[in-house]
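pasting a predicted model and its sequence here:
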Amino acid sequence: MAMKARNVIFRAREIKTGKLIVGYYVVLHSPKFDKDNPDKVVGYTEKYCIFNDTDNRSNGSYWHEIDIDTLEMIEQTELF
């Protein structure tokens, strides 16, 4: 059975401004490095974001860090 491609849109409140942001939900994983051995990764931090490329970069970024407790899916459409 072939899987169908879908476009899924989310919304959530931005942490900095409290503004409602609409776009694609992404979890960014940033490595934490060992203090004594900077080549060694000792873990990761997670940042919950919405990627929105339609706001004309009014705040200088397409990435908005969000309050994960406010995240909700608002739209899902088949691409083809």
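Cool, got the structure.

contacts, neighbours, all on C-alpha from now
Will do.

where does this protein have low pLDDT?
Applying pLDDT under 70 to the chain picks out residues 1, 55-61.

which parts of the chain are strands?
Using DSSP state E, the strands of the chain run over residues 6-13, 20-33, 41-51, 63-65, 72-78.

can you get me a residue count around Y25?
When neighbours are defined as other C-alpha atoms under 10 Å, Y25 has 23 of them.

same question for F10.
For F10, using other C-alpha under 10 Å, the count is 18.

can you give me the neighbour number for the closest residue to it other than its chain neighbours?
If the residues on either side of it in the chain are set aside, F10 comes closest to M73, at 4.3 Å by C-alpha to C-alpha, 6 or more residues apart in numbering. By other C-alpha under 10 Å, the residues close to M73 number 14.

and M73, what does it touch?
By C-alpha atoms under 8 Å, 6 or more residues apart in numbering, the contact set of M73 is 8-11.

measure the residue lying farthest from the centre of the chain to H29 for me?
Here the centre of the chain is the reference, and by C-alpha atoms, centre = their mean the most remote residue is D36, at 31.1 Å. Look at D36 and H29: by C-alpha to C-alpha, to the nearest Å, they are 22 Å apart.
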